[in-house]
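Participant: Here's a sequence, model it:
(2 chains)
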There are 2 protein chains.
Amino acid sequence: MRIICLLFLFAAAIADETYIYKTEYLQTPVDHFSFTNNETFQLRYLINDTFWRNGGPIFFYTGNEGDITMFAQNTGFMWELGQQLDAMVIFAEHRYYGKSMPFGDKSYAEPKYLGYLTSTQALADYVYLLDFIQKSYKKEPTRIPVIAFGGSYGGMLAAWLRQKYSYAVDGAVASSAPIYQFQGLTDCTAFNNIVSKVYKVSSQNAVRNIKKSWSVIKNITGNDEGKLWLSKEWKLCKPLNSSQDITDLTEALEELYGNIAMINYNYPTNFLAPVPANPVQALCDRIDQSNLDGKDLLTALGKAISIYTNYTGAVKCLDFNSTAGSLGINGWDFQACTEMVMPMCTNLSNEMFEPSAWDFKKTVDDCYKKFGVRITRDDLAILAYGGKEAEYSNLIFTNGLLDPWSSGGVLKSNTRSVYAIIIPDGAHHLDLRSSNSKDRSSVISARENIRNIIQIWLKLYKQTYN
Amino acid sequence: MRIICLLFLFAAAIADETYIYKTEYLQTPVDHFSFTNNETFQLRYLINDTFWRNGGPIFFYTGNEGDITMFAQNTGFMWELGQQLDAMVIFAEHRYYGKSMPFGDKSYAEPKYLGYLTSTQALADYVYLLDFIQKSYKKEPTRIPVIAFGGSYGGMLAAWLRQKYSYAVDGAVASSAPIYQFQGLTDCTAFNNIVSKVYKVSSQNAVRNIKKSWSVIKNITGNDEGKLWLSKEWKLCKPLNSSQDITDLTEALEELYGNIAMINYNYPTNFLAPVPANPVQALCDRIDQSNLDGKDLLTALGKAISIYTNYTGAVKCLDFNSTAGSLGINGWDFQACTEMVMPMCTNLSNEMFEPSAWDFKKTVDDCYKKFGVRITRDDLAILAYGGKEAEYSNLIFTNGLLDPWSSGGVLKSNTRSVYAIIIPDGAHHLDLRSSNSKDRSSVISARENIRNIIQIWLKLYKQTYN
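Facilitator: Numbers count the residues shown, from 1 in each chain, chains lettered A, B, ... in the order given. A predicted model of the protein is given here:
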């Protein structure tokens, strides 16, 4: 089972314009760690300084794998809290995504261009940008205090920014950041076990039906007539043709179940695709019978997944290649092939998925075919960021326990000034979303905690430096 | 005044064989921060595991700008303490020095090879090596605790290693580490003011004579006959010919006075050159008259500096180009041209040197001519390591107040677990030297303090992880 692009959440979201900002670009070195070249590129960032006053802080979103405008429009909590705390709000785009292409159209062409797509370089971009902002805006000899925010991979970056550059960032909110989702730190079954659990809470029948569906798909698509039938039944844009197509289909399905679990919010949202409130329940409701089998099962399953693939009914045909959005997926694939290798597998006891081992060698071979880059070890992120031995301070980790990525999250802390806030019924970085009339007390209280902690940090900062 | 290679201490030392180790090499990535290439090189390190027992720590020397065997033979304190505390002792060579050449003979040829000579890459080398050592040696699930040691630029690396990779290094001893010797953090006059002070303590006459000598040199060498006279009088290998030669000579002299202050130990040593005990006093004694002037002054001065340039009498002619050792000087020049720009100047009130402004533009131009690399800002080290806003823990900074580099050192600490140990009468990283019957109580007590603090760290480590 290959699940390496699940972090990618917002890419295909429709960027509405709830929040207003200026779009700016900063000329930034392509390579912060050598002097072999002096290439620079235009790093995009979005900035709003209209509520910044009274010595307020900078709220700095460490952009992750997608167009930064999507993150700006889907991280309402930062805007709401920013207004309350007189903050300047900045969203920095991650290099190689959106409009921040170090080598323009060639950026993804070959390793000599693409090779600078690393988290370490991205963190150095953010430090470079923060330094520029400080010099442009600060009025006192001391820095403007900075709080970093990020969700998912962006949350990992927020935590790592604080770890490596504590002098540039005074505190960080790392929401649903699976910093332990690396070799040896987390069992590779953990992610898929949470996915199964989330579905099982909604419907035991549905989980049994999905488990059954894997062999049914295999059986029915075992011949050309079956392939044709399923292609028509599910309105696939590209009819099933080969056994590789079947493998791709089942992998895409696995990924889709994970994605829906991640965005299992209790009100309608519009990320990867428009979905109703509680989409896992909505999906399960459509396959909640105990006697489904064969073509009937697949027909029902087709309707079930359309909760996600075609909730509006506007999609003419189903393209599984685009289920995770198209904008940044190549970039994340490259990162997951190099620094961010996250082992995923399923064991026999999983009630929803078929058993599947983690195969590092195959991953490496596939990556080499795709990008021309071959890594020789699976723990580069641990080497760079320390895994469970890393030391943090002034950091808030938040995790929803219904988020599959909580498998690799920081769920407890023994360190003073490092907080692990749990949202028991929360999905993927729910706390970073704007407040909603449907919000349950768990997320309301998590956001209050975050605000209180940030206020303490800012107070301590003033006591120390002013 | 251009003093950028003063950190370079040990390069020309004679490596005796007081301490025994195995020489090993580890295949290490040339670029730890991109995937544009997969070049590797052989990083040299020296290791002794013969006293390592009872769950003892690793003592890890973060090699600086020179052949690592010199540091191994001139850091006796690590060996002595290592034996006392059952430590494994490792000396890691800094890339681009000694035998750790990333591109063999081409390493210094052009920026595309030399550009990977950065402190950030060197730190990543050390983390890579430590990871390898841990995997090779550790017997428990927990890591072997690691204490980093370094002197001068090596001390800066030890501190920065702890700052950036606290999960790989549990504590660090940064001896005479001028981590504040960067733009805006320390007045550019500070270094030369300490040099003057050190000489003035030995002899006010000598300081006045040195101050006078700058104009005397200029006057006498103003014509060909004077150039010839001084070349013969001082036995210069390359006779003075041009005004540039005079500039080079005075710069070399300035550097030489600084070097002697650095190694102003109270027993004979053998670093840059063999020198007697208290070499500053020995030098001053030879120009300690109030009425010296003209050629008499320069004749006396020539004898004075021979304390350093020819103490054994074995040197046939004086080559100022080699006063700071030859092995690693190019490398340090490159570092001082890129990341490690350390502004130096002298103001009117300095009693020993002529006034001289810091000229960043000229430095940049000279660097471009020499290396083909042109930096655009003078604060890259602050961007990378935070200057005075950096946060440290489990760190010991030691400084001798008679060491000119104490100008950029950490002389006080308000942070728990960060210690600033002062050796009032100490020269450059005296504390890292092996114990000597001439040791004064100040250095003896500094070493005792270091040992006690390290023992506390190791105890805490055991309590936390075992």
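Participant: chain center to the least confident helix or strand in chain A by mean pLDDT: distance?
Facilitator: Among the helices and strands of chain A, strand A:269-270 carries the lowest confidence by mean pLDDT, DSSP states H and E, at a mean of 86. Relative to its chain's centre, strand A:269-270 lies at 15 Å (C-alpha atoms, centre = their mean, to the nearest Å).
Participant: Let's test this: mean pLDDT of the top helix by length along chain A, rounded?
Facilitator: If each helix of chain A is counted by residues according to DSSP state H, the longest one is helix A:441-465. With pLDDT averaged residue by residue, helix A:441-465 scores 95.
Participant: how about it: buried residues?
Facilitator: The neighbour-count check on helix A:441-465 (16 or more other C-beta atoms under 10 Å in any protein chain shown) flags A:442-443, A:446-447, A:450, A:453-454, A:457-458, A:461 as buried. For the C-beta atoms, the positions are set from N, CA and C on the backbone; glycine is no exception.
Participant: List, out of the residues you listed, those positioned next to chain B.
Facilitator: Contacts with chain B are made by none of those, judged by C-beta under 8 Å from any C-beta of the partner chain.
Participant: got the domain boundaries for chain A?
Facilitator: A:22-184+A:381-465, A:190-326 (automatic domain parsing).
Participant: Please give me every residue in contact with the residue nearest to residue A:176 when sequence neighbours are not counted.
Facilitator: Spatially, and ignoring its direct neighbours in sequence, residue A:176 is nearest to residue A:429 (4.0 Å; C-beta to C-beta, 6 or more residues apart in numbering or on different chains). For residue A:429, the set of contacting residues under the criterion of C-beta atoms under 8 Å, 6 or more residues apart in numbering or on different chains consists of A:151-152, A:155, A:175-176, A:398, A:400, A:403.
Participant: Let's see which of the residues you listed end up in strands.
Facilitator: Of the contacts of residue A:429, the ones assigned to strands by DSSP state E are A:151, A:175, A:398, A:400.
Participant: And the next helix or strand past the least confident helix or strand of chain A?
Facilitator: Following the chain from strand A:269-270 toward its C-terminal end, the next helix or strand by DSSP states H and E is strand A:274-275.
Participant: Residues touching the next helix or strand along the chain from that next one, excluding its own?
Facilitator: Tracing the chain past strand A:274-275, the next element assigned as helix or strand by DSSP H and E is helix A:279-285. For helix A:279-285, the surrounding residues in contact (C-beta under 8 Å, 6+ apart) are A:198-199, A:202-203, A:205-207, A:260-261, A:263-265, A:275-276, A:304-305, A:307-308.
Participant: so what's the backbone phi/psi at residue A:206?
Facilitator: Per-residue torsions, residue A:206: phi -60, psi -40 (degrees, to the nearest 10).
Participant: same thing with residue A:356?
Facilitator: Here the main-chain torsion angles of residue A:356 (degrees, to the nearest 10) amount to phi -160, psi 130.
Participant: partner residues bridging it?
Facilitator: Bridge pairing for residue A:356 (DSSP bridges) gives the partners residue A:346.
Participant: Would you quantify the distance from it to chain B?
Facilitator: 27 Å (C-beta to the nearest C-beta, to the nearest Å).
Participant: Tell me, how many residues neighbour that residue?
Facilitator: For residue A:356, the number of neighbouring residues by other C-beta atoms under 10 Å in any protein chain shown comes to 20.
Participant: With residue A:53 instead?
Facilitator: If you count neighbours by other C-beta under 10 Å, residue A:53 ends up with 10.
Participant: Good, we can wrap up now.
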